[in-house]
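Novice: Here is my input; please provide its structure:
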Amino acid sequence: MKIGACDESAEAGFTLLELLAALALFALVMSLVPGALQFGRRALEDIASKDRTAEIIGVRGFLEQRLAEALPIAERSGTGGMALAFAGGPRSLMFVSPSPRGPDGPGIYRFEVAEGATGQKGTKTIVMRQGLYAPGGLRGALEERVLLADVGEYKFRYFGTVESKGPRLWRDNWVEENRLPELIELSISLLGWNAPRNQMLLIRPRLREVEK
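Specialist: Below you'll find the predicted structure:
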């Protein structure tokens, strides 16, 4: 009976060879873990990069379409004179453009692109505000949405002449009362590992002269 008990105990344990085989298999599995984690991280980065690229393409398409169709409309200013419904600065841009879609359906909208709330780690946010256009104001509430987040820097510039015979130059501000700029440039530097770092839009408004 004692011999049988010893035999059962020996069969229930591990031999040295089995223990070495188990350790070798464990070492092999552990050697594969970093590669698997890196592959997973790269897959997540690739998905995030594609999402960010798709977001940027959407913003580019929207701004290019709306700015290309900007209307050179003259409206009465607060001083009683006539002024262009367009205000361009280095950090903000206001213009009027038709849109097939908007918060109040198809129509002519007043758009404002400007800096919004500061994001995480001091990043900038570009927002767009829009409302149905009415001369000198709006025909409804002004709605706001985020165009791009995690922005490092951005800047508008305007090309053209602010006088009938003046020089055609790039300018940080557009103050011409009778015509839109020939070109509008928006340069953006994006932050984050999943972002195309620098983007530039160059848009030519199709209509330039003020409607008389």
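Novice: now the host helix or strand of residue 22: mean pLDDT?
Specialist: Assessed by DSSP states H and E, residue 22 sits inside helix 16-68. On average, the pLDDT along helix 16-68 is 72.
Novice: After that helix, which helix or strand is next? Please name it.
Specialist: Using DSSP H and E, the helix or strand that follows helix 16-68 towards the C-terminus is strand 74-76.
Novice: Mind pulling up the pLDDT for the spatially most central residue of the chain?
Specialist: Centroid check for the chain by C-alpha atoms, centre = their mean gives residue 148 as the closest residue, at 3.0 Å. Residue 148 carries a pLDDT value of 86.
Novice: Spatially, and excluding backbone neighbours, which residue is closest to it.
Specialist: Closest residue to residue 148 apart from its sequence neighbours, by C-beta to C-beta, 6 or more residues apart in numbering: residue 126 at 4.6 Å. C-beta coordinates here come from the backbone N, C-alpha and C atoms, glycine included.
Novice: In contact with residue 100, which residues?
Specialist: Residue 100 makes contact with residue 106, according to C-beta atoms under 8 Å, 6 or more residues apart in numbering.
Novice: any idea how far it is from residue 69?
Specialist: 10 Å (C-beta to C-beta, to the nearest Å).
Novice: Same question for residue 142.
Specialist: From residue 142 to residue 69 the distance is 20 Å (C-beta to C-beta).
Novice: Who has more neighbours out of the two?
Specialist: residue 69 (16 against 13; other C-beta atoms under 10 Å).
Novice: Who does the residue lying closest to that one once chain neighbours are set aside form a beta bridge with?
Specialist: For residue 69, ignoring the flanking residues on the chain, the nearest one in space by C-beta to C-beta, 6+ apart is residue 97 at 4.9 Å. Residue 97 forms beta bridges with residue 109, as assigned by DSSP bridges.
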